[in-house]
Every structure is written in C-alpha cells, then in structure tokens.
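Chemist: turn this into a model:
(chains A and B)
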Amino acid sequence: MNTAILQQAQLTWPRGLGRRVLPGCLTLVAMVLILIVCGMIQPRIWSQNGLTLIMSPIVALAIASMAQMVMMSIGDIDLGIGFFVGMVTTIVATLLRDTPVLGVLALAGAVLAYALLGALVQLRAVPSLIATLGASFVWLGLGLFVLPVPGGMAPDWLFAYAFWKPPLSIPAPLVTMVAATALTWFVTRRTGLGVRFRSLGSNPVALTRSGSSLVVTRMLAYAMVGVLGVLAGITLTAEIGGGDVNAVPGYTLTTVAAVILGGGMFTGGRAVAWGTLAGAITLGLLTVLLTLLSLSSNLQPAVQGFIVIAVLAGRLVVERMSR
Amino acid sequence: MIKLERRAIPPWTWSFLAAIIVLVLTYIVSGRGGSQTITLAFTIAPYLVLVGLGQMLVMSAGPGNIDVSVAKVFSLGGLIAIAVGDVTGSWVLGLAAAVAAGFAMASISVIAILLVRIPPIVATLATSLIASAISLTLAKGFQGSPDPMLKGFLSWAPFGIPAFAVVVLIFTVLVSLFLKRTIWGAQMLAVGQARRAAEYAGVNASKVMVFVYLTSGVLAALAGALRASFSAPNVELGNDYLLDSIAVVVIGGTLMTGGRAVPAGVWGGALFFILLDGLLNLIGWSYAGQNVLKGFLVLAVLFLASGAPILGRGASSSKPDHTIADDHTEPEIKPLS
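Modeler: Down below sits the predicted model:
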C-alpha cells in the first residue's frame, strides 16, 4: 500500500502547482492575444524598434510590480509604491546626476526607510496598508522638496541605456524586464531568504519555530521592495528623461492588479515573479491596444478595470471547474 | 474588563486633542484669536467627514475591507451633479443624479466582491478606474456652473456657525445612534469583529457588505456633488480624499482591523487635518513640507495607537486570520541552536 501511495505521489503534479501556475498562464495567453491583435492592426510593431517603442513604457511598471509581488508574498500590500517610484525619479534626475555620491546615499536612505517601515509594521502590529499609505505622504512630500515642478535631467549613462540596442534585434526593454524578473524569481524561489519571505506570509509560526526573527525577515522583505522600487524609478527616469514625483501615482494600484493577474494572493505565501511580469505587460499592452484601436484615451482606465474583473471572474470559473 | 473599558478615555479624544493643539498653535502663530479660523475649518471639514464616514463603515466591516474608489467617485459625483443641475435647472435633481451615480459605481464593487469574490481593494480599484473614465469623458468640453442657491447655503454661516456643518453633524449623530442602538448597527460591528462567528449567530454578512459599500459610494458621490457646488467641478477634485479619508478614520480611533467604528473621531480627524493645513500655510510651509509632516503624523499615530503595547510582548494581530500566529511574534523559548 505504501508503494502504491508513493507511486501515486510520483505520478501526480506537486500539490497546488496548478493553482499557482494556472492564473499566470491565463494571463500569458491574454498577453499573447493582445500582442497578436496589436500586430494585426499595426504590423510595424514586429521589429526591434517597434517592440522597443511599445515596451519601454512598461519596464518601470513591470519592476514596480515585482516590488509589489514581494510585498504581497509576505502578506502585505504597498499603497505607497507609486509615489515612491516618483520620488526616486526626482532623486535620480537631480542628485544622482549632479553629485553621484549624494545621490547613491539618498537612494540607499530610501531603501533603509523602507526597512524601518517594515519594522514598524511588524513590531507595532500595524496593517501594512495604512503604514505604507502614511509613508506615501512622506514620499510625495520629499519628492516635491527635491523637485517642486517636474524637471531635472537623467544622468548621461541612463540616456546611453535608453538608446541601447542589444544584438540579435532583441528589444532592450525586454532584456531589462526579464533580468529584473529573473533576479526576483531567484531571490524569492531559489534562496533561503525567499523561503522565509513566503513563510512569513503563509505561516509565521513555522518561521519563528525554525528560529528566524519575524522582524528581521520583514525588514529584509521591505528592503527588497525598496531596492526594486529604486530600480523601477531609475528605469522610469530613463523613460521620461527627467524627474517628476507625480509621474505615476497610478502604479500603486496597477501593480496590485498585475500581481493578482499573475496569480498572487492577498493572503501571502505565494511568489509569482514570471506571472507578475505577464500581468504587468498585459496591463501595459492594453494601453497600446486601445491607442491602436484609436479609442479615446479617456476610456482606457475603464477598459483596464473591466479586464481585471473579467480575468478574475474567468479564473473563478476555471477553478470551480477544475475542482 | 468591560467596566474598565467603559471608564477608559473614549477613542476619539486624541483626535480632538490634536485638533485643539493645532488650533492653539495657530492662534499663537497668527497672534490673534477669533472664530474665523474655526469657521473656515468647519466650512471645509464636512465634505471630508462625509467621505470619512463611508470609509469608516467599510473599514469597520472587517479586515481587508477598504474602499479605494472614493476619490474618483467623489469627482464623478461632482461632475454629474453640476451637469444634470445645469441641464434640468434644478440642483435637487443634480444631487439625486450624483447619488444615483455613486450607487451605480458602488454596485459594481459589490458585484465584484460578492459574486466574483475579488478582494475589496482590487474590486474598488476597478470601480475607481471605471468612474475615472466616465469623469474624463464627461469633463471633455464640460460646461455648467454650480447652482447659486445651493452654493449660498454651503457657504452660509450665521453667527460664524456654518449651517452645512450642523447638518453633517446631525448626520454623524444619526450614524452613531445607528451603530449603537439598532440591530443593524450591532450586526455590522459583529461581522467586523468576527465574520464567521457572526454568521453562525445568524447575521447575513453579505447583506452587511452590500450595505457598507453602497453607503460609502453614495456618501462619496454626495460629498463630491456638494463640494463641486461649493467651488467648481473638476476631474481632480477628489484626488486628495482617498488618502485623507483613510487617515482621518484611523486617527479618529476607528480600528483598522474592523469591529469598532468611531463616528465622532472622524470629525476630530478631519478638523485636525484641515487646521493643520491652515497652520502650515500660515507659517509658510510648502505643500511638500505639509505632506511630509502629514505622513509622519499618520505613522506616529499608528506607532502610538496600534493594538500592540509599546512595552512588553503579545502584539495584537493586524490580521485576525493569523491571530494565533501573531501571538508568537516573540517566542518564549528560544529554539536550541
């Protein structure tokens, strides 16, 4: 009997694999469909330049979504990421260009601030939702201190990156996105630290029993969110060429949607880097599609909203059927 | 235990205390007393209070419940109220249209939350995207101006007491009575404290969810309609109201994890925020400085007022699902190494 069970175990997929991977796959299908439709309307996007053009606005969103994914894998939500990324662009476009040492210190300080926020959430049992919301006021204010009006200039090396053309006619934005995703995937799924992040989200008791400190784990997770947020801000500066704290306040909620589309959960414990990448690209491509369909840009938010609801409804149906 | 709690200071005290401190500081800085500052604060505060009351009901319906669509619904309410009021020539119809719009928007959230089982934050986010699309479409070539009579009433302050503030104050008292004295209110808080226990006791939790989200949507749209009538409609009119509404609710003493609603605290929080803005303007702080200070204040309030005691262990849970888990934030026995 034991061997029978063993054989069965060997034959079946790991438990929960379907639930973990399926949503991301659905989103991937949606992404490919949108890409194909875009290509049918405007065949010129099938070139290095075309793909670079439509994908470069998505890079920062994808990396910010990675940050949100790490946050959600420990069971928290970051409602301040939009202004944080905006604040980073102001630092990059001023301090980092004029006095690189100060700029790097400021960015390191931002990451440290995130780690402290994590400590606050853990030690004082504060909901992350409200703590990050409070922090978002601080990010906005600091960003306005650095650059009261949009301006500044991206450092030269960032301009060089913006005009970089990788060989084999691979679009540069794709390289950046895949690299950031691979890094996040590696940390969250292939290191001991990633296991600690995920168990903080799903089973904190087990984490303490295994001898880890909840505070340190949460601080490290928040620091990683900060690092990814800084990376998102740097790529966004390359994209817009300057700094603006109000550049992307919408990221806060779009990134949550991207993680959900990618198969993440609010309850934590699930890290889905590649799914999140698919989710972020899908949401970004929607804007391209609507532009190609020459729909009024005013309608774009509504279509995004409906797609998010539709995808989640579709997933519910699929999950019900697969049971 | 219950007796002890009753003797304790009511949770809304701190927000009013903070508001009074800011008021006194304002008097010291400006070098003159007078009721003008208070009148101004009470003229602007009611809009934030209306949105805050809706947000308070949603947040006290349990962990994870939050309405992030209030800002866009607020703007939409303003635009629709002015547009309809301008076409029909009646501000009553304008307000009714805004209420209907808020109801419709909140219905989308409710359907998404209850039928599609989307987490509230994503559901209301989707609603907010839809509302903002409608607002943007409406605002294109928007014409229309607020009704002079309604505008007159909103800025009417006999003896320095804004009449509209009194109306909202009465409404706040009604909400408070509703929560304390009616079965509906008790059921709502019961769901917020322990949804499953409440359901076993025969409370229909879905009904409560429908109620709180619809109320929040309607209040946000109504507040937006009135705010637009007070100044002018604008797509970005409501943008500040999302963060502010959540912040004033929390500062006011409402539990972020649900189960305790403090309507009076919403007033305290709103007055505190508005007086603080005034004070910072007075001493010449920029918008940037105001935001940094506001942020640190929210974080400070969280630090002081959260469930966990500052000294000692046994942090109370931020997520009741993990109550047991969080009790072990500091293990009593260090594992052998």
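
Chemist: neighbours of B:L299, just the number please.
Modeler: One way to gauge burial is a neighbour count; for B:L299, by other C-beta atoms under 10 Å in any protein chain shown, it gives 23. For every residue, glycine as well, the C-beta is placed using N, CA and C.

Chemist: quick one, what contacts it?
Modeler: Taking C-beta atoms under 8 Å, 6 or more residues apart in numbering or on different chains as the criterion, B:L299 is in contact with A:L120, A:A131, A:G134, A:A135, A:V138.

Chemist: the most centrally placed residue in chain A and A:I170, how far apart?
Modeler: Here the mean C-alpha position of chain A is nearest to the C-alpha of A:S65 (C-alpha atoms, centre = their mean), at a distance of 1.1 Å. Computed with C-beta to C-beta, to the nearest Å, the distance linking A:S65 and A:I170 is 21 Å.

Chemist: now A:T287
Modeler: The spacing between A:T287 and A:I170, counted by C-beta to C-beta, is 22 Å.

Chemist: also A:Y222?
Modeler: If you measure A:Y222 against A:I170 using C-beta to C-beta, the figure is 33 Å.

Chemist: ok, B:R196 next?
Modeler: The span separating B:R196 from A:I170 equals 52 Å under the rule C-beta to C-beta.

Chemist: more neighbours: those two, which one.
Modeler: The residue with more neighbours, out of B:R196 and A:I170, is A:I170; 14 against 9, by other C-beta under 10 Å.

Chemist: mind checking the SS state of that one?
Modeler: Secondary structure for A:I170, judged by DSSP: H, G, I helix; E, B strand; the rest coil, is coil.

Chemist: thought it was touching A:Q48?
Modeler: Yes - under the contact definition of C-beta atoms under 8 Å, A:I170 touches A:Q48, with a separation of 7.3 Å.

Chemist: overlap in contacts of the two?
Modeler: By the contact definition C-beta under 8 Å, 6+ apart, A:I170 and A:Q48 are jointly contacted by no residue.

Chemist: name the spans of the stretch 201-337 of chain B whose pLDDT lies under the cut-off.
Modeler: Within the stretch 201-337 of chain B, the ranges that satisfy pLDDT under 70 run B:305-337.

Chemist: ok, 90 please
Modeler: With pLDDT under 90 as the threshold, the stretch 201-337 of chain B has low-confidence stretches at B:201-208, B:227-265, B:269, B:272-337.

Chemist: cool, the stretch 1-150 of chain A as well?
Modeler: Low-confidence segments of the stretch 1-150 of chain A, defined by pLDDT under 90, are located at A:1-57, A:72-80, A:82, A:92-104, A:106, A:117-134, A:136-137, A:141, A:144-150.

Chemist: with the stretch 1-150 of chain B instead?
Modeler: Counting by pLDDT under 90, the stretch 1-150 of chain B contains low-confidence residues at B:1-45, B:59-69, B:71, B:78, B:81-95, B:112-130, B:132-150.

Chemist: up against chain A, what does it have?
Modeler: Contacts of the stretch 1-150 of chain B with chain A, taken as C-beta under 8 Å from any C-beta of the partner chain, map to B:63-64, B:66, B:68, B:112, B:116-119, B:121-123, B:125-130, B:132-134, B:136-137, B:140.

Chemist: again, only this time at 7 Å
Modeler: Among all residues of the stretch 1-150 of chain B, those adjacent to chain A (criterion: C-beta under 7 Å from any C-beta of the partner chain) are B:64, B:66, B:68, B:112, B:116-119, B:121-122, B:125-127, B:129-130, B:132-133, B:136-137, B:140.

Chemist: and if you look at the stretch 151-300 of chain B?
Modeler: Near chain A, the residues belonging to the stretch 151-300 of chain B are B:243, B:246, B:250, B:256-257, B:287-292, B:294-296, B:298-299 when assessed by C-beta under 7 Å from any C-beta.

Chemist: send me the helix or strand where B:Q187 lies as PDB with only the CA atoms.
Modeler: Secondary-structure element containing B:Q187, defined by DSSP states H and E: helix B:183-193. In PDB, the C-alpha atoms belonging to helix B:183-193 read as follows (Å, rounded to 0.1, in the frame of the first residue of the first chain):
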ATOM      1  CA  ILE B 183     -29.800  45.700  15.400                       C
ATOM      2  CA  TRP B 184     -28.400  46.600  12.000                       C
ATOM      3  CA  GLY B 185     -25.500  48.500  13.500                       C
ATOM      4  CA  ALA B 186     -24.800  45.800  16.000                       C
ATOM      5  CA  GLN B 187     -24.800  43.200  13.300                       C
ATOM      6  CA  MET B 188     -22.400  45.300  11.200                       C
ATOM      7  CA  LEU B 189     -19.900  45.600  14.000                       C
ATOM      8  CA  ALA B 190     -20.300  41.900  14.800                       C
ATOM      9  CA  VAL B 191     -19.300  41.000  11.200                       C
ATOM     10  CA  GLY B 192     -16.300  43.300  11.600                       C
ATOM     11  CA  GLN B 193     -15.200  41.600  14.800                       C
END
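
Chemist: off-centre distance for whichever helix or strand comes after that helix?
Modeler: Per DSSP H and E, helix B:183-193 leads on to helix B:195-200 as the next helix or strand towards the C-terminus. For helix B:195-200, the distance from its own C-alpha centre to the chain's C-alpha centre is 26 Å (C-alpha atoms, centre = their mean, to the nearest Å).

Chemist: mind listing what's buried in helix B:195-200?
Modeler: For helix B:195-200, the neighbour count (16 or more other C-beta atoms under 10 Å in any protein chain shown) marks B:R195, B:A198 as buried.

Chemist: quick check: next helix or strand after that helix?
Modeler: Next element after helix B:195-200 (DSSP H and E): helix B:205-230.

Chemist: thinking again about what came up before, buried ones among the residues of the stretch 151-300 of chain B next to chain A?
Modeler: Using 16+ other C-beta under 10 Å as the burial test, those include B:243, B:246, B:250, B:256-257, B:288-292, B:294-296, B:298-299 as buried.

Chemist: list the buried residues of the helix or strand harbouring A:R218.
Modeler: Element membership of A:R218, judged by DSSP H and E, is helix A:214-240. Of all the residues in helix A:214-240, those buried under the rule 16+ other C-beta under 10 Å are A:214, A:217-240.

Chemist: please apply the same query to stretch A:277-291.
Modeler: Buried-residue list, stretch A:277-291, by 16+ other C-beta under 10 Å: A:277-290.

Chemist: then stretch A:307-318?
Modeler: Buried residues in stretch A:307-318 (16+ other C-beta under 10 Å): A:I307, A:V308, A:I309, A:V311, A:L312, A:A313, A:R315.

Chemist: look at the first one and give its secondary structure.
Modeler: Reducing the assignment to helix, strand or coil with three-state DSSP, the entry for A:I307 is helix.

Chemist: please give me every residue in contact with it.
Modeler: Counting by C-beta atoms under 7 Å, 6 or more residues apart in numbering or on different chains, A:I307 touches A:L286.

Chemist: any figure for the gap between it and A:P301?
Modeler: The spacing between A:I307 and A:P301, counted by C-beta to C-beta, is 11 Å.

Chemist: same thing with the fourth one?
Modeler: Counting by C-beta to C-beta, the gap between A:V311 and A:P301 amounts to 16 Å.

Chemist: so who does whichever residue of the stretch 151-300 of chain A sits closest to chain B touch?
Modeler: When C-beta to the nearest C-beta is the measure, the stretch 151-300 of chain A has its nearest residue to chain B at A:N298, with 3.7 Å between them. Applying C-beta under 7 Å, 6+ apart, we find A:N298 in contact with B:A133, B:L136, B:T137, B:K140.
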